[in-house]
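Novice: Sharing a model that was predicted from the sequence below.
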Amino acid sequence: MIPRCVKVSCPLSILEFSVLTMKKLFFPFYLLLIILALQLETLQASGKQDSLENVLRSLPARNAGSPDTLRIHVMNELSREYIKSGDHDRSLNLAAEAKKLAETVLASKKGTDALKQNLRKHISNSLHNTATVYYYQGDYDKALDQYLISLALREEINDVKGIGLSANNIGNIYNNKGDYANALNYYLKSLKVRESLGDKKGMAASFNNIGSLYESQKEFSQALDYFKKSLKLREEISDLQGTALALNNIGNVYYNIGSSEMALDHYKKSLDIRIKIGDKQGMADCYHNIGNIYQKQGSVDEGLVFHQKALALREDLGDKLRMCFSYRNIGLIFLEKNQIQHARNNLLKSLSLAKEVSAKPDIMSAYRALAKIDSASGDFRSAFEYHKDYLLFKDSIHNEESTKKLIQSAMRYEFDKKEQAARLEQEKKDAISDALLREQTMQRNAFIAGFGLMMALSFVSYRSYRNKRKSHEIIAHQKAMVEERNKDILDSINYAKRIQDALLKDEEHVSPHLPEHFIYFKPKDIVSGDFYWVSEKKGYLYLAAADCTGHGVPGAFMSMLGMAFLNEITAAGELLAPSEILDRLRDKIVRELSQPLSDEHTNDQSRVKDGMDISLLQMDVETREIWWSGANNPVYIVKANENLLLEIKPDKQPIGFHSHARPFTTHHLQLEKNDMVYLFTDGYADQFGGEKGKKFKYSKLKELLQTIAHQHATDQKAMLDHAFVHWKGSLEQVDDICLVGIRA
């Protein structure tokens, strides 16, 4: 158990003394002394809530004057202190009282313009405190409403520092809701304001939040840079709470990149500071993170202790969203310890809280874990129901239709850019041609005119020079325009890469149920025509490696369509064999891309050759049975006991139009434990290199896979990359590469 904080009685603080002894002084001096005392009181962390409560009780009765503004200020300060200590109800009540009193005084229309401006600022502070409580309680919609109203009011009264704070917190909410575009806009707005003020504390908060945004996009290098910038500023200004937050976030990055010891070191440093300053919310987060480290390292008993510490604090704070995380992790640890009833009870609590705060990913995770528990305990009916609910939420989160719309939008954007670039390129060529034509005309006229008159020759030379300079200016201007348009095109391609990366990272499917595996994915250009795809359904694992027509932008569009079509085909309830999936995928490619269905409807000139080659595997992870089908790409299986490589040949037809199309074939095999299965595209084998600059070839690839198959999947990936880089040398990569290995 975590020891509770104990309040110790102490002599009167500076603030209490000023109130109790100075009431009889002339009021302006009394007011000034109280304000000075409030500023001095910020230096005393201990007993600040009690001091502010005493000040609030000691203030004179309201008279629609300055004492009211002081009362409102104290209530807002006290509301903020109760947020820190986790007393959310008291904080909300004080913020509401402060707002109501400020609105009452403002409605009386008494006082100067400066007083009215000050009252509006107090109202915006009350709204901000209310929003912060809702944020900590996980009610992001209510928090966002209050923050936006507070921001609008601060912009109205030109409260620059307040604008920076509100914009930053609105960015936090959008980040948590997954709306990264809006989050980045508000973070940058906040950072701009804080830089203009030289507000180091605010800048540190903005750096931290931009780092969090990069972390959510798995851009860990950039995230670490921003978190370290934040830490440096926090330490410069001795901001203990901010320093603890930055250390914790740096720990999160190290955890995500697999540096567990570095992560643990930063978490413990953060925890020491948070215990020192009494930050319960931060302490709970550190306990949770340290528990994750121990759980990951296999020290489940130590992990359980830290997760239970985190849960105790979160229950005390009423933080339902994070309580949901704690119950889930505790349930999973009990599952590892084979304490089924404890595991079920904790996961049911996690599910209930996740539903209460509408956290869909956590609802999905709870359903999945409960299905596994009931299956292990023999309650297959209940396991089936939980698994159905899990699939329902999975489909809701991974909405294939949204993916298709995103792809189509990106394709339209890319097409417009390419069309614009082509037009500009033609304009450049026309300008150059016109300039050359004019120059040739001048030279011909000068030759015909001869040397008749010196003045005429001087005039022609001058005119030629002037026109040449003008032509060069036109060409330079056109060149600048083309360079600018090229930059726009490159930016759009990079945007397409982010879309493709998001889809691929989603589909990389790191799951406790996925066997040992690796994915070696190496695009030739910024974006790739190769892709990999993974899906789990009814206890079966589907895995594919595909090579679309072309590479670069055209290939990338085909790959994104391929992923969207595969998701759509497998979304239905029925369980399809690999050959059935490929048949349906071919039909969709032909239909959606308006390809001809047979030779009777077209001729050689009108046929569209867009499509893909693919290797598609279905695996029963429990029994190690596999079903496989391929379009032009084979599958290799390295037998662990015999060190023998088997090759299953594909159907010699693509996913797309084919003059002699026929149904695809499903091959069924029973694997032994530790057999390795490899799916791949042709990019690795087709790479030129070596001493004579020849292709790597499939025979050499077979030898390499047979040699490394007994190694761990992570090591196999590193060996494949080393062999590829060594073979390629200084030559250019010729094609996209996708090679996936999975152990039975």
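Specialist: Good, I have the coordinates. Numbers count the residues shown, from 1 in each chain.

Novice: The spatially closest residue to Leu669 that is not a sequence neighbour: what secondary structure?
Specialist: Nearest residue to Leu669, sequence neighbours excluded (C-beta to C-beta, 6 or more residues apart in numbering): Ile626, at 5.3 Å. Any C-beta I mention is one placed from the backbone N, CA and C, and that applies to glycine too. Following DSSP: H, G, I helix; E, B strand; the rest coil, we place Ile626 in the strand state.

Novice: neighbours of Ile626, just the number please.
Specialist: Counted by other C-beta atoms under 10 Å, the residues lying close to Ile626 total 25.

Novice: now do Arg274
Specialist: Neighbour number of Arg274 under other C-beta under 10 Å is 25.

Novice: Against Gln281, how distant is it?
Specialist: 8 Å (C-beta to C-beta, to the nearest Å).

Novice: Check Val357 too.
Specialist: 16 Å.

Novice: any idea of the pLDDT on the residue nearest to Leu669?
Specialist: Listed pLDDT for Ile626 reads 96.

Novice: For it, name its beta-bridge partners.
Specialist: Met619, Leu669 (DSSP bridges).

Novice: isn't it right next to Gln618, touching?
Specialist: Yes: with contacts counted by C-beta atoms under 8 Å, Ile626 reaches Gln618, the gap being 6.6 Å.

Novice: need the contact list for the residue nearest to Leu669.
Specialist: Residues near Ile626 by C-beta atoms under 8 Å, 6 or more residues apart in numbering: 617-620, 668-671, 677, 744.

Novice: Please name the nearest non-neighbouring residue to Ile273.
Specialist: Ile273's closest residue in space is Ala244 (C-beta to C-beta, 6+ apart), at 4.0 Å.

Novice: Below-threshold pLDDT in the stretch 1-150 of the chain: ranges please.
Specialist: Residue ranges of the stretch 1-150 of the chain with pLDDT under 70: 1-47, 60-67.

Novice: Could you rerun that using 90?
Specialist: Applying pLDDT under 90 to the stretch 1-150 of the chain picks out residues 1-71, 73-74, 80-87, 102, 104-118, 136-140.

Novice: just the strands in the stretch 501-650 of the chain please.
Specialist: 517-522, 530-537, 540-548, 611-620, 625-631, 635-639, 644-648 (DSSP state E, counting those that start in this stretch).

Novice: can you pull the pLDDT of Arg444?
Specialist: Arg444 is assigned a predicted lDDT (pLDDT) of 62.

Novice: Contact partners for Glu315?
Specialist: Met323.

Novice: Helix or strand: which one has it?
Specialist: Using DSSP states H and E, Glu315 maps to helix 300-317.

Novice: Can you pull out the residues in contact with stretch 350-365?
Specialist: Residues contacting stretch 350-365 (C-beta under 8 Å, 6+ apart): 138-139, 320-321, 323-325, 327-328, 331, 366-367, 370, 390, 393-394, 396-397.

Novice: now the nearest residue to Leu311 once chain neighbours are set aside: how far from Asp316?
Specialist: Leaving out its chain neighbours, the residue that sits closest to Leu311 by C-beta to C-beta, 6+ apart is Ser326, at 3.9 Å. For Ser326, the distance to Asp316 equals 12 Å [C-beta to C-beta].
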